[in-house]
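Engineer: The sequence and its predicted three-dimensional model are supplied below.
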Amino acid sequence: MDKLIIEGGVSLKGEVTVSGAKNAVLPILAATLLTDDACIIKGVPQLRDTATMIKILRSLGKNAELENGAVTVSMQRNTNYVADYKLVSTMRASFCVLGPLLGKLKRAKVSLPGGCVIGVRPVDLHLKGIKALGTDITIESGYVLAKANKLKGSNIYLGGVYGSSVLATDNVMMAAVLAEGLTVIESAACEPEVVDLAEFLIKMGAKIKGHGTPIIEIEGVKHLHGATHTVIPDRIEAGTLMLAALITRGDILLKNVSYRHLGALVDKLEESGASMTKTDNSIHMRYKKQMHAVNITTLPYPGFPTDMQAQMMALMSVTPGISVITEKIYPDRFMHVAELNRMGAHIQREGPHAIVEGIKGLSGAPVMASDLRASACLVLAGLAAKGKTSISRIYHLERGYENIEEKLEVLGAKVWREREKE
Ligand code: UD1
């Protein structure tokens with residue numbers, strides 16, 4: 001296993017191009033199961049998670065290859081309907097093959113994904129929606145067995161205790177595109193990645209309206225054809241790099257960014273005193289003056305993204321004042337608190353809140369990454385800290401940030417990998 005070493009204290013400066021969105025590309029790749037035709041997906045980041053989804057597509061009967069940022073998916077043999085535990089257990093997003101398999105084959109056997117360190121992460125909303133389309137569902141030996149004679153459109157309310165669900169909306173939408181009649185999803189997730197999936201499905205011949213709003217209408221069609229699509233830029237990678245500029249008091253020009261997708265983050269940064277220059281597809285983030293603490297509450301889109309909470313906490317830990325950070329999507333997503341405190345931060349957790357008292361500076365320390373965004377938080381903390389930080393279990397970072405070390409190096413960071421002693 002590798003660990004990442006960062007010699008902190010360098011102001012990051014320069015230009016960087018943001019990669020395609022992980023959370024858009026995973027369901028879009030799954031959606032290629034809805035057709036026997038070839039599909040070409042462009043702007044695909046080279047990540048552990050995209051490699052896993054490609055493996056799953058192959059195990060389900062597709063040819064799929066990532067070359068020069070594009071994946072061509074074509075039919076190799078008849079689609080298999082079983083998504084194996086070994087693959088699904090390594091990545092929760094694999095569960096979104098359930099909808100397309102069911103839409104195309106009217107049956108699917110998909111391993112339950114299980115929980116992870118950020119919380120229990122149930123799939124009840126996925127199953128509720130799929131059931132409402134006329135599917136029989138049983139759970140057997142850790143697998144969801146789904147079978148339908150035909151799928152019938154339905155009115156489905158998909159809100160849960162924590163609001164809408166991104167992948168449940170994706171799953172139901174992907175099954176409903178080949179159902180008979182009209183499906184209306186109420187309390188649908190509005191995330192840009194859901195919109196991107198809907199746009200791809202429309203290119204394949206699906207009839208979808210209202211994506212990007214809480215009510216999505218899907219008029220089922222008989223079959224879908226192949227399509228070519230370029231995925232949207234990764235708003236979480238962009239947000240992480242924006243914070244890298246601020247926490248190191250640097251100056252970064254981000255290219256391939258959709259400013260429209262970053263509203264809640266930009267608003268909070270402006271409230272805390274930061275300013276930036278935006279164009280249609282770039283953001284220039286330059287640290288100009290001392291910022292002050294702001295409170296954050298994570299919410300479904302267009303609220304502040306839970307996937308930026310840990311990184312924002314790193315920034316607030318060195319910003320004067322008290323910041324109250326409230327996590328409303330995954331109330332236990334605070335594994336990074338103890339690690340930041342090892343670097344000298346003053347953070348106290350109180351249930352779904354973290355109270356952060358901004359200090360002058362962090363000091364480098366050995367820390368451990370627990371999940372993808374917690375890793376990004378520790379990278380930011382390490383970049384700002386005095387001295388050397390070594391982050392173990394860095395494989396989490398490879399799940400969601402393409403070439404992150406190279407990108408940071410280009411910006412002037414002193415960062416390298418070392419083999420972890422067993
Ligand atoms: C997606 C993102 C993930 C992000 C999350 C929330 C992908 C591949 N992953 O995950 O990076 O952190 O959205 O923005 O797109 N819930 C239920 N029942 C369900 C499903 C979800 O109660 O059946 C709960 C979850 O436990 C959580 C909340 O709903 O509290 C939102 O989760 P959800 O939007 O489903 O997350 P994912 O789609 O898994």
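Structural biologist: Yep, it's here. Please read these numbers as outputs of a predicted model, since none were measured by experiment.

Engineer: any idea of the pLDDT on Gly119?
Structural biologist: pLDDT, Gly119: 73.

Engineer: nearest residue to it other than its sequence neighbours?
Structural biologist: Of all residues not flanking Gly119 in the chain, Tyr330 sits nearest, at 4.3 Å (C-beta to C-beta, 6 or more residues apart in numbering). For the C-beta atoms, the positions are set from N, CA and C on the backbone; glycine is no exception.

Engineer: For burial, what's the neighbour tally of Cys377?
Structural biologist: Neighbour count of Cys377, defined by other C-beta atoms under 10 Å: 30.

Engineer: so it sits in a helix?
Structural biologist: Yes. Secondary structure assignment (DSSP: H, G, I helix; E, B strand; the rest coil) places Cys377 inside a helix.

Engineer: so it makes contact with Met343?
Structural biologist: No. Cys377 lies out of contact with Met343 (C-beta atoms under 8 Å); the separation is 10.6 Å.

Engineer: mind listing what Pro214 touches?
Structural biologist: Ser164, Glu186, Ser187, Ala188, Cys190 (C-beta atoms under 8 Å, 6 or more residues apart in numbering).

Engineer: at 10 Å what do you get?
Structural biologist: Neighbouring residues of Pro214 by C-beta atoms under 10 Å, 6 or more residues apart in numbering: Leu158, Gly159, Gly163, Ser164, Thr169, Ile185, Glu186, Ser187, Ala188, Ala189, Cys190, Pro300.

Engineer: go on, Leu151?
Structural biologist: So Leu151 contacts 102-103, 106, 130, 132-135, 175-181, 183, 220 (C-beta under 10 Å, 6+ apart).

Engineer: from the residues you listed, which ones fall inside strands?
Structural biologist: Thr183 (DSSP state E).

Engineer: which among the contacts of Leu151 are in contact with the ligand?
Structural biologist: On the criterion C-beta under 6 Å from any ligand atom, none of the entries of these sits beside the ligand.

Engineer: Give me the buried entries from the contacts of Leu151.
Structural biologist: 102-103, 106, 130, 132-135, 175-179, 183, 220 (16 or more other C-beta atoms under 10 Å).

Engineer: Sort out which of those residues are in helices and list them.
Structural biologist: Secondary structure from DSSP state H places Leu102, Gly103, Ile130, Ala132, Ala175, Ala176 of the buried ones among the contacts of Leu151 in helices.

Engineer: Touching, the second one and Ala179? I think so.
Structural biologist: Yes. Taking C-beta atoms under 10 Å as the contact criterion, Gly103 and Ala179 are neighbours in contact, 7.3 Å apart.

Engineer: Please report the distance of the spatially most central residue of the chain from Lys222.
Structural biologist: Geometric centre of the chain, nearest residue: Asn23, 4.1 Å, by C-alpha atoms, centre = their mean. Computed as C-beta to C-beta, to the nearest Å, the Asn23 to Lys222 distance reads 30 Å.

Engineer: ok, how many other residues are close to Met174?
Structural biologist: Residues near Met174, counting by other C-beta under 10 Å: 30.
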